[in-house]
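**Student:** Build the 3D model from these lines:
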Amino acid sequence: MRFFALCVFIGCQFALLQSAQAAQPIGRLFSTPAERSSLNYLRQTKKVLVVNPAQEPTLKTEPVPLVLPDAINMQGYVKRSDGKQGTVWINNQALQENSGNKEIQVGSLPENGNRVPLKLPSNGRRLTLKAGQVYEPENNRVTESRSYSINKDVGRISDEDAL
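**Tutor:** Below is the predicted model of the structure:
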């Protein structure tokens, strides 16, 4: 019992010693006011600053225009059961699974499910679309494509959204 009380007493003393040492300030992380102000500016603007201790900080930015693609219309897809890559039809263009073009990258088709993973290289956005859906990058919305119906009187397919 005495041994246990002695161990608890020594442990408490050790903890108090450690907390007293931790309370001491570690000093400044950056020594000059120019370095501190440049870091504050970086946090606020997320731009690259080049700091030269002999001069004032200079801003180095190269504006990269963000070119968003047109609406991405997924017409459909075919999953193959023989292990070969499936095909996805996007904007009236057939793309193989795990491939893409300059506007869009197609991921692996899921075994179960009906959503196709897509990636936009222009802004790095990832999304999943079902067959018949349209993604509009300018307002970041997914909508259903225009609906088609069968005209029972004539027996033809007509576009309801036509003028």
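**Student:** and S99, how many neighbours?
**Tutor:** Neighbours of S99 under the rule other C-beta atoms under 10 Å: 12. The C-beta positions use only the backbone N, C-alpha and C, and glycine is treated the same way.
**Student:** go on, I104?
**Tutor:** By other C-beta under 10 Å, neighbour count at I104 equals 21.
**Student:** That one reaches I72, doesn't it?
**Tutor:** Yes. Using C-beta atoms under 8 Å, I104 is in contact with I72, at 6.1 Å.
**Student:** Just the terminal-to-terminal distance for stretch 94-105.
**Tutor:** In stretch 94-105, first residue to last residue: 12 Å (C-alpha to C-alpha, to the nearest Å).
**Student:** What are the buried residues along it?
**Tutor:** By 16 or more other C-beta atoms under 10 Å, the buried positions in stretch 94-105 come out as 95, 97, 100, 103-105.
**Student:** Which pair of those spans the longest distance?
**Tutor:** For the buried residues of stretch 94-105, the maximum inter-member distance is 16.8 Å, found between E97 and E103 (C-beta to C-beta).
**Student:** buried sites along the strand ranked longest in the chain?
**Tutor:** For the chain, the strand that runs over the most residues, judged by DSSP state E, is strand 72-78. Residues 72-75, 77 are the ones in strand 72-78 that count as buried (16+ other C-beta under 10 Å).
**Student:** I figured L95 hits Q85, correct?
**Tutor:** No. Look at L95 against Q85 with C-beta under 8 Å: they stay out of range, at 9.9 Å.
**Student:** which residues do those two both contact?
**Tutor:** Here L95 and Q85 share no contacting residue, scored by C-beta atoms under 8 Å, 6 or more residues apart in numbering.
**Student:** count of residues packed around L42?
**Tutor:** Neighbours of L42 under the rule other C-beta under 10 Å: 14.
**Student:** again, but for F9
**Tutor:** Neighbours of F9 (other C-beta under 10 Å): 10.
**Student:** is it fair to say it lies in a helix?
**Tutor:** Yes. Counting by DSSP: H, G, I helix; E, B strand; the rest coil, F9 is part of a helix.
**Student:** quick revisit: output the buried residues of strand 72-78 as JSON lines; include the columns distance to V134.
**Tutor:** Formatted as JSON lines, the buried residues of strand 72-78 follow (distance: C-beta to C-beta, whole Å):
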{"residue": "I72", "distance to V134": "7"}
{"residue": "N73", "distance to V134": "5"}
{"residue": "M74", "distance to V134": "8"}
{"residue": "Q75", "distance to V134": "10"}
{"residue": "Y77", "distance to V134": "15"}
